[in-house]
Every structure is written in structure tokens, then in C-alpha cells.
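K.L.:
A structural model of the following input is requested.
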Amino acid sequence: MLALDRAGPPSVHALGFAGVAASLLAAALVLPLDAPPLSLLFCPFRAMTGLPCLTCGCTHAFSYFMHGNLPGAVAASPLGAALALACAAHLLWTCARLAGLPFAPRARLPRWLLVCAVATNWVFLVLRSRA
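P.N.:
Numbering: from 1, shown residues only. Predicted coordinates:
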């Protein structure tokens, strides 16, 4: 699934995703979780159903990840921790390609694997909220 390809310059899409990743990671690093603006946000899905939403805990996971607390990130949301890691990896590889790295990994994940990861994460969050 992981192959090495001759890397040219990153595509416009890769640059856009790297910009979004950098923004998310920077915000997770500098914004406090217990003060505005993040403390003013609430989850309408949880307010209506009492269940966590699919992305519940991702903000905490990103924050814990950026502050070096990997166990805390996984405990907050395994999927959020994986997304934070993916954002950091994509940002690093895009920067490496901009710097002229001759080879870059190319990974393609089947869509069903991503759907299973989201569903498994949600089951984890629901069971954790009931405990």
C-alpha cells in the first residue's frame, strides 16, 4: 500500500491541505481549551441526543497531540489523534517536497477502511461516555 514515487513539486491540492493542516495544528497549539473562543462552543448533536458526535473529542485530541500528550490525545479521541498525526505528517512531507526531496511516499487507503475507522471511533466514544 505504501510505495515510493519520484516526487515532483506538490500539487495545488497538497499545498491547500498543508495550509489547512498547519492552521489546525497551530490553533491547537495556541488556543486554550478552557477559555474563549473554544470554551464557548458546544455540540448540538450531543445536546439533542445525549450521545457524542462522530468528531467528539477531536479538539482535545489535537490540543493534547500538539502539546506532546499522546496518551491523552488517544484517550480523548483515537480518530482525532490519528488525524492530528496525519496532518503533521502531510505538512512535513509537503514541506520536504517543496525543499526538493527526491522521493516521497504515496499511500492510498481504501474508502471502506476510513469508514470503518470512523465507525469504530464512534463506538469507542459512545461506550466511553456511558461508562
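K.L.:
which ones are touching the spatially most central residue of the chain?
P.N.:
In the chain, the residue lying closest to the centroid (Cα atoms, centre = their mean) is Leu83, at 2.1 Å. Shown in contact with Leu83 (Cβ atoms under 8 Å, 6 or more residues apart in numbering): Cys58, Ala61, Phe62. C-beta here means a position set from N, CA and C on the backbone, and glycine is covered the same way.
K.L.:
okay, it and Leu24: tell me how far apart.
P.N.:
Relative to Leu24, Leu83 is positioned 9 Å away (Cβ to Cβ, to the nearest Å).
K.L.:
what sits in contact with each of those two?
P.N.:
Phe62.
K.L.:
circling back to that earlier point, okay, the contacts of Leu83 in TSV with distance to Ser11 and secondary structure next?
P.N.:
Below are the contacts of Leu83 laid out as TSV (distance: Cβ to Cβ, whole Å; DSSP: H, G, I helix; E, B strand; the rest coil):
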residue	distance to Ser11	secondary structure
Cys58	26	helix
Ala61	28	helix
Phe62	25	helix
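K.L.:
how about these in TSV, adding pLDDT and distance to Leu98?
P.N.:
Converted to TSV, the contacts of Leu83 look like this (pLDDT from 0 to 100; distance: Cβ to Cβ, whole Å):
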residue	pLDDT	distance to Leu98
Cys58	89	27
Ala61	93	27
Phe62	94	24
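K.L.:
among these, who's most crowded?
P.N.:
With neighbours taken as other Cβ atoms under 10 Å, the top of these is Ala61, carrying 28 neighbours.
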